[in-house]
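1. pasting the structure only:
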C-alpha cells in the first residue's frame, strides 16, 4: 500500500509503481564493488562480476563466487554464512556487532565483507522501493538545490534491526522524480527503473560531501526479476 507520504509515493510511481514492484519476488543480477574503500581493504579484485539473488520480501541475499569461485555466500541480518565444497560452512552470528571493533576501520574478514555486501545490495537494488518496507517513519526535511535542480528531502527512520547503513537517513528526491543517493544510471527491467551505478561519497558538514575521491561505486548489471506468479 502507498506510504501516505506524497514525496515518497511520487518517486515510487516514477520508478515503475508499487503494484508492478510487488509482483516480483526476487532480482538476479551481476554486481561489482570498486573504488577507494575496497582498494584500501585489498578487496576490489575479489568483488567484481559476481552474481547475486536478492529476495525482495525479506532481507536475504545469496551470492555466488564469493570469496572464491566455488563458494556460495548467504546474507541475512542476523547471520552470514560462506559454504565451500567439501568443507564446513563459515558462520558469523549477529554480524553487525563485529563492526564495533576499531579493527574494522581498516580491515574486514570475509564474513564481515559479506555482511556489508549483502545489505548494500539489498538496499541499493531496491531504491526507492526500499521505502515500502514496513515500520519506516517519514518526516519532511525541506528542500535543497543541487546542479540547478530543487530536491525534496525526506528524513527516514528505520526500525531497530533493519539492515542498512544507519537507522536515520535523509533521501533527496528530485522534483523530476529521479532518485538521489548519487545514482548515476538506471536500467529498465520489466517496467521498473533499477539503479545501475551508485556512487558512495564521504559526508561532510551539513549537506555537503567530500567531492574527491569517491569512496567507491556499486555497479548493478544484467538484472532480471523473478515474478511471484
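-> Thanks, I have the structure now. Everything numeric in this text was worked out from a predicted model, so none of it was measured.
2. lowest-pLDDT helix or strand in this structure?
-> For the chain, counting by mean pLDDT, DSSP states H and E, strand 209-210 ranks last in confidence among helices and strands (a mean of 52).
3. quick one: contacts of stretch 56-73?
-> 21, 24-27, 46-47, 49-55, 74-77, 80-85, 110, 113-114, 117-119, 121-122, 126, 129, 163 (C-beta atoms under 8 Å, 6 or more residues apart in numbering). Bear in mind the C-beta positions are built from the backbone N, C-alpha and C, glycine included.
4. beyond the least confident helix or strand of the chain, next helix or strand please.
-> Next along the chain after strand 209-210, taking DSSP states H and E as the criterion, comes strand 216-227.
5. who are the packing partners of that next one?
-> Strand 216-227 sits against strand 24-34, helix 36-40, helix 110-124, strand 183-189, strand 192-200, with contacts defined as 3 or more C-beta pairs under 8 Å, 6 or more residues apart in numbering; DSSP states H and E.
6. let's see it at 10 Å
-> Using 3 or more C-beta pairs under 10 Å, 6 or more residues apart in numbering; DSSP states H and E, the elements in contact with strand 216-227 are strand 24-34, helix 36-40, strand 50-55, helix 110-124, strand 183-189, strand 192-200.
7. ok now the longest one, how far from the chain's centre?
-> How far helix 110-124 lies from its chain's middle: 8 Å, per C-alpha atoms, centre = their mean, to the nearest Å.
8. what average pLDDT does the helix or strand immediately after that helix in the chain get?
-> As assigned by DSSP H and E, the chain's next helix or strand after helix 110-124 is strand 137-146. Over the span of strand 137-146, the pLDDT mean works out to 84.
9. many thanks, we can stop here.
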